[in-house]
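**Q** What follows is a predicted structure for the sequence shown.
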Amino acid sequence: MNYAKMLQQHLDSGADVSVGTIQIPTHEASKQFGVIEVDKDWRIVGFEEKPLHPKESPHNPGQCNASMGIYILIPNC
């Protein structure tokens, strides 16, 4: 994971929060990973910790966005 690239994307987008995720098959994430739900523009719209039925990615059916536990939070000043 390139943290510098993630930080630059976070700053360029003006996001309030960025979360590092990896796309994995939904059946592999079931009851094992926190799953980030995103919209078609990659905006975070939900989170579930170890869901039985993870929400699929709108970008890759059959895959979900599993949290890697990497967060960027920079307050807008």
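**A** Received the coordinates, thanks. This structure is a prediction, so every number in the text was calculated from the model and none was measured. Residues are numbered from 1 along each chain as shown.
**Q** From now on I want contacts and neighbour counts done on CA atoms only, so please keep to that.
**A** Fine.
**Q** Please compute how far the top strand by length along the chain lies from its chain's middle.
**A** Determined from DSSP state E, the single longest strand within the chain is strand 63-73. Relative to the chain's own centre, strand 63-73 is displaced by 4 Å; criterion: CA atoms, centre = their mean, to the nearest Å.
**Q** the helices in the chain, which residues?
**A** 3-13, 26-29 (DSSP state H).
**Q** Would you mind finding the most buried of these?
**A** Mean neighbour count (mean count of other CA atoms under 10 Å) peaks for helix 26-29 among those, with a mean of 18.
**Q** Can you pull the poorly scored residue ranges out of this structure?
**A** 76-77 (pLDDT under 70).
**Q** Just the buried positions in stretch 58-72, please.
**A** 58, 63, 64, 65, 66, 67, 72 (16 or more other CA atoms under 10 Å).
**Q** so who does residue 62 touch?
**A** 25, 26, 56 (CA atoms under 8 Å, 6 or more residues apart in numbering).
**Q** one more time with 6 Å
**A** 25, 26 (CA atoms under 6 Å, 6 or more residues apart in numbering).
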